[in-house]
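> sequence and predicted structure are below.
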Amino acid sequence: MATSIINPTITVEGGRILINFLLKNNASKIRLKERKNYMGERFLKPDEALSVNSAYVEWQIGYDTKVKSDGDYKVQYLEGDNYLYIRERNGQRVKKYPAELMVIIKYALDLGFLKVSDIEGIISLTEEIYQKKNYLDNFPIAGEKTDEVLFDEFKIFKRILPLAVLEDKDYFIEMERNKMQVAAGYQSMIYVCPYFKILQKKEENIYAWVIDENNINIFEKVLISFAIASEQHNKDIKGLLEIILKNI
């Protein structure tokens, strides 16, 4: 029996795509923050964010989810054998469904916001990127010693993390190479960040990002972000988009 809360939910209402964020505790992949000096400096509550011009939602967006026998999914996904994606990595094969980003792309195709040719163009671009191997993963995480001392013999070091940012007036996209959260090693993570002021309040603690034909290109850019994040992300995006096209 499913018990997990899906956040955000992605719905089609009135011919538009709504990405519905539950902004309550800043404890999951969805966080409400204030942006300062190109960083998220502090967490906010919705009533605080109303008076902060740089308030934004930090969404660590995903594009797939493992197939689960108990049906307890934490993200919105496209279900069915026709959407099954076999991810191959390090000699292992894992069954997955397209999720979150791919749900938005599928809805956008259904509504006519995107054309098949748009997705075919992105697939071609991912192939070009794959040939050039130009990934954020190529940039190392470095440590730097400083002259500062915290206390006694405890010296301050700085960790320099590769970060790429695409900025727009209504949102920004952050790509960051960092430590894996649940495994050893490093990975590139993608954050899609709409400014709070452009969201529409639906009900208590739930705010919607409205997507239509005028701003769907945001998520074309997110697809490209994953394609240049790492070789594995690149392969996944290409494979998942091909599955989406087979189901149009």
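Alright, I've got the coordinates. Please read all numbers here as calculations on a predicted model, not as lab measurements.
> what comes up buried for the host helix or strand of residue 47?
Secondary structure assigned from DSSP states H and E places residue 47 in helix 46-49. Buried residues in helix 46-49, counted by 16 or more other Cβ atoms under 10 Å: 46, 49. From N, CA and C alone the C-beta is placed, and that goes for glycine too.
> just how off-centre is whichever helix or strand comes after it within its chain?
Using DSSP H and E, the helix or strand that follows helix 46-49 towards the C-terminus is strand 55-60. Centroid displacement of strand 55-60 relative to its chain, using Cα atoms, centre = their mean, to the nearest Å, is 10 Å.
> and for strand 55-60, what are the contacting residues?
8, 21, 23, 29-35, 40, 44, 48-49, 171-172, 189-197, 199, 207, 209 (Cβ atoms under 8 Å, 6 or more residues apart in numbering).
> near residue 79, how many other residues are there?
A count of nearby residues for residue 79, using other Cβ atoms under 10 Å, gives 14.
> can you give me phi and psi for it?
Phi and psi for residue 79, reported as degrees, to the nearest 10, are phi -100, psi 150.
> just to check, it is in contact with residue 96?
No - using Cβ atoms under 8 Å, residue 79 makes no contact with residue 96, being 11.5 Å away.
> now do the contacts for the residue most central in space within the chain.
Centre of the chain computed as the mean C-alpha position; nearest residue by Cα atoms, centre = their mean is residue 61, 2.1 Å away. Residue 61 sits next to 29, 100-101, 190-192, 222 when contact means Cβ under 8 Å, 6+ apart.
> out of the residues you listed, which is nearest to residue 13?
residue 100 (17.7 Å; Cβ to Cβ).
> need the pLDDT of the closest residue to the closest one other than its chain neighbours.
Once flanking residues are discounted, residue 100 sits nearest to residue 62: 4.9 Å by Cβ to Cβ, 6 or more residues apart in numbering. Note on residue 62: pLDDT of 96.
> same check on residue 74?
With respect to pLDDT, residue 74 has a value of 90.
> confirm for me that the residue nearest to residue 100 is in contact with residue 76.
No - when contacts are counted by Cβ under 8 Å, residue 62 is not listed as touching residue 76 (10.0 Å).
> show me what counts as buried in stretch 122-141.
Counting neighbours by 16+ other Cβ under 10 Å, the buried set in stretch 122-141 is 122-123, 125-126, 129-130, 135-137.
> turn those residues into a markdown table, columns for secondary structure.
Converted to a markdown table, the buried residues of stretch 122-141 look like this (DSSP: H, G, I helix; E, B strand; the rest coil):
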| residue | secondary structure |
| --- | --- |
| 122 | helix |
| 123 | helix |
| 125 | helix |
| 126 | helix |
| 129 | helix |
| 130 | helix |
| 135 | coil |
| 136 | helix |
| 137 | helix |
